[in-house]
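# For reference, the sequence and a predicted model appear below.
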Amino acid sequence: KLSRYFDAIKRTLSNSKGQDEIMKDIEMRVAELLQEKQQSDKHVVNIDDVDAVITVMGQPEDYRIDEENSESTTGFSTKNNNVKKLYRDKESSLIGGVCAGLGHYFGIDKVWIRIFLFLLVWFWGTGVLAYIILWIVMPEATTTSEKLEMTGSPVTILNIEKKVREEFDSVSQKFKNGEFDELGNKIKLGASRVSGNLGDVIVSIFKVFAKFLGGLVVLISAILLVAVCVTSIIMIFSTALPNNTILNYFHTPIGLETPLWMQGILFLFAFGIPLFFLLILGLKLLITNLKSIGNIAKYTLLALWIIATSLLVLLGINEASQRAFDGKVVQKQELNIKQNDTLILKFKNNDFYDKKIDGNVDYKISQDENGKTVLYSNNVSIELLKTDAAKPYFEIEKLAEGKTMFDAKQKAEKIRYNFTIKDNVLIFDNYFLTDFMQQFRNRNQKVEIFLYLPKGTFLKPDASVQNYDDSDDDYFNLHFSDDKFVYKAEENKLKCLNCPNYENEFNDVNSVNDSLNEINNDSTSTLILNEDRIIIKKSIDRKNNKETKTIKVNGKEFFRVETEINKN
C-alpha cells in the first residue's frame, strides 16, 4: 500500500519542477512519521501505521497543483499540529543561521535577535558564548520537511511541493532578472562557508571541548552519586548496625531528629536524583545518539525529587524551631583563699571516657560506670576576668537550645558537670555528660566557665588550661612553655611574675607603647626574637633630643648607644 501511495504521488508530480527533491522530502517525512509510530524495538510497520501516515500527509489524488494556481487548496482534511521546531536557517544567515532560526521559532524578526546578542557581547562576552553554544546544539534545516517544521508549517505533500516550487521559482526569477553576479557571489560565499571556514573550526574545537567537559561531568557526578548512595544505604540500614558504629561518633549528613532510615531515603532522593541527571547530561555530551530514559522515568524522578526536597525543607524548618531559644543555668562559687595564697588552676580528664587531657571531642556516644548510655563532650571553655569583689569567684554556665525557653532551660539543667576545690587548688573537669537522646534533640550544649580575679590575686595555671582558655589576650596571655609560672592580677591585666625576662620585657614594652601613644613627640620601636631571647629596642626622646638603641640577650643588656637628635 505504501508503494502504491508513492507511485500515485509520482504520477501527480509528473509535470512538476523538482520532482526528485519533492519525492525525497516526502519519503523522509513518511519515514519520520513511521518511526514515531513505533512502540517496540521490533521495527515492524502494520497497515494501521501506514493509514495514519497517509492521513497526515494527504491523498495525492484529492488535489492537483499546476503552475498557474499553486496556491489553491482542496477539501481534504489532514492532521495539522503546526508545532515549530528549532533549527538553524543557513539560507538567511550571516554566520551560522542561529539568529534566523530563533526568529522563526519565536515569530520575531531575526534583526532583533542579532541586536540582542550583540548587546550581550558587552556583558563579559555572554553573547558570543551563547551564540557558540546555540550553534552547537541547534541542527541546521537542510531538508524541505525541516524547513517547514522550522516555520511551523504542516509537513504535507502539498506544502512540500509548494516549498520546492518556491525555491525553484526564486532561482529562476533571479536568472531572468540578470542577477547573475549577485547570485554568483552568494554561491561563492556559501561555498566558502561550507568548505571549512573559521566557523567550522570553532565548531570542531567546541565539540572536542564538549567531549572533555562531558567526561569531566560524568566522572565527578559518578563519584558523588556513589558516595551519596553508599551513605544513604548505611543510614537506611543503620538499625541493623552495632551500637559502636561510626554513626555514633559523627553527625549525620542532615542532622535532623527524624529516624535515620528516613533521613537516608530523603538524602538519596534529594541529592542523588540531581546527580543522576547530571550524569545523563555528561553522557549525552559524550554520546551523540544516547537513548533517552523516557518521559515517564523523567517525570517520576522529578516528582520524587520535589517531594524529598520539600520534606527536607519542612524538617529543616522544624529543626530550626527546636533551636529557637537559648537556655542557661548558672552556678556561682566563691573561693575562700588567704590573701597571699596562690590560686592553682587545673583541668582534669576522666580516663574512663578519654585518656587525653587535650581532648577535642564535640560529642560522642559512650557509657558511664553504671552501663547507662550517655553523651560525652569536651565543649568546655574558661575565661579569666577582672572584678572589684574582695575575693575571687567563678561562675559555671550550662548552655543549651530548645523550642521554648522552658524546654531550653530543662536541657541545660540535664548537663552534668563537676569541679573540685581543695584548699587553694581549683580543678575543673575537661568534659561534661548529658542524656544520650538529649543530644539528638539539641546539639549545642556547652559549658562556659568565668573565673573572676580581684586585683592582687596570685594565679598559677596548669599547662592543661591552655587547651580550654578563651580569655582576652590583652588581659591574660598564658605562657604555654611551662606550668610553673605565677601571674598577678593587676589593674587591667594578669602579669607574669617569674616568666623569662624577655617576656616581661615584652609586656613592659607594650605598657610603654600604650603610654607613648599619648605623646606625639616620642616613639619606641622594638624587635623581639623570642627563640634566641634577643631584644632590639630603639627609643626616641624628643624632649631631651636623645635616641637610645639597646640590645639585650637572655635578659642582660649587651649593647647600648645614646645619640643626640638634631632639633631641626
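Everything's here; your move.
# Please work out how many residues are found near Phe436.
As a burial measure, Phe436 scores 16 neighbours (other Cβ atoms under 10 Å). In this view, the C-beta of every residue, glycine as well, is placed from N, C-alpha and C.
# From what I see, it and Ile365 are in contact.
Yes: taking contacts as Cβ atoms under 8 Å, Phe436 lies within contact range of Ile365: 6.2 Å.
# Quick check: neighbours shared by those two?
By the contact definition Cβ atoms under 8 Å, 6 or more residues apart in numbering, Phe436 and Ile365 are jointly contacted by 373-375.
# Just the buried ones from the residues you listed?
374-375 (16 or more other Cβ atoms under 10 Å).
# would you turn the shared contacts of Phe436 and Ile365 into TSV with distance to Leu335?
As requested, those are exported to TSV (distance: Cβ to Cβ, whole Å):
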residue	distance to Leu335
Thr373	35
Val374	30
Leu375	30
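# export stretch 330-338 as CSV, just CAs?
Extracted C-alpha coordinates of stretch 330-338, given in CSV (Å, rounded to 0.1, in the frame of the first residue of the first chain):
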residue,chain,number,x,y,z
VAL,A,330,24.4,29.5,86.2
GLN,A,331,26.2,28.1,89.2
LYS,A,332,28.3,30.6,91.2
GLN,A,333,31.0,29.6,93.7
GLU,A,334,33.2,31.9,95.9
LEU,A,335,36.8,30.9,96.5
ASN,A,336,37.9,31.2,100.2
ILE,A,337,41.7,31.5,99.8
LYS,A,338,44.0,33.5,102.0
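# need the contact list for Gly215.
Contacts for Gly215 (Cβ under 8 Å, 6+ apart) come out as 282, 286.
# how close does it get to Cys229?
Distance, Gly215 to Cys229, using Cβ to Cβ, to the nearest Å: 21 Å.
# Could you look up the SS state of the residue nearest to Asp368 when sequence neighbours are not counted?
Of all residues not flanking Asp368 in the chain, Val374 sits nearest, at 5.1 Å (Cβ to Cβ, 6 or more residues apart in numbering). Three-state call for Val374 (DSSP: H, G, I helix; E, B strand; the rest coil): strand.
# wait, doesn't Val374 sit right on Ser366?
Yes: counting by Cβ under 8 Å, Val374 does reach Ser366; the two are 5.9 Å apart.
# Kindly indicate whether Ala130 is helix, strand or coil.
Under three-state DSSP, Ala130 comes out as helix.
# And for Asn430, the neighbour number?
The burial count for Asn430: 23, using other Cβ under 10 Å.
# Just give the nearest non-adjacent residue to it, would you?
Phe347 (4.5 Å).
# list the contacts for the one you found?
Each residue near Phe347 by Cβ under 8 Å, 6+ apart is listed here: 357, 380, 382, 427-430, 462, 464-465, 467-468.
# Who are the contact partners of the residue lying closest to Asp470 once chain neighbours are set aside?
In this structure, Asp470 finds its nearest non-sequential neighbour in Ser381, 4.2 Å apart by Cβ to Cβ, 6+ apart. Neighbouring residues of Ser381 by Cβ under 8 Å, 6+ apart: 446-449, 468-470.
# Ser381 belongs to a strand?
Yes: Ser381: assigned to a strand according to three-state DSSP.
# Run through the bridge partners of it.
Following DSSP bridges, Ser381 is listed with bridge partners Glu448.
# Next one: it from Phe347, what distance?
11 Å.
# now Ile365
To Phe347, Ile365 is 23 Å away according to Cβ to Cβ.
# Likewise for Ile133?
Ile133 is 61 Å from Phe347, by Cβ to Cβ.
# now swap in Val374 and tell me
20 Å.
# circling back: farthest-apart pair in the contacts of Ser381, please.
Within these, Lys446 and Asp469 form the most distant pair, 15.2 Å apart (Cβ to Cβ).
# contacting residues around the nearest residue to Tyr431 once chain neighbours are set aside?
Closest residue in space to Tyr431, ignoring its immediate chain neighbours: Asn378 at 5.3 Å, by Cβ to Cβ, 6+ apart. With contact set as Cβ under 8 Å, 6+ apart, Asn378 has these partners: 354, 359-362, 430-431.
# Mind doing that once more with 10 Å?
Going by Cβ atoms under 10 Å, 6 or more residues apart in numbering, Asn378 touches 349, 353-354, 356, 358-364, 429-432, 446-447, 467-468.
# Secondary structure element for the nearest residue to Lys546 once chain neighbours are set aside, which one?
The shortest distance from Lys546 to any non-neighbouring residue, by Cβ to Cβ, 6+ apart, is to Glu562 (5.7 Å). Element membership for Glu562, per DSSP states H and E: strand 556-564.
# again, but for Leu278
Assigned by DSSP H and E, Leu278 falls within helix 273-286.
# So which bits of that helix are buried?
Residues 273-280, 282-285 are the ones in helix 273-286 that count as buried (16+ other Cβ under 10 Å).
# what's the helix or strand following it packed up against?
Next along the chain after helix 273-286, taking DSSP H and E as the criterion, comes helix 295-322. Under the contact criterion of 3 or more Cβ pairs under 10 Å, 6 or more residues apart in numbering; DSSP states H and E, helix 295-322 touches helix 260-267, helix 273-286, strand 393-402.
# Select, out of the ones you listed, the one closest to Lys85.
Of all the helices and strands packed on helix 295-322, helix 273-286 comes closest under Cβ to Cβ, at 18.6 Å.
# So Asn370, which state does it fall into?
Per three-state DSSP, Asn370 ends up coil.
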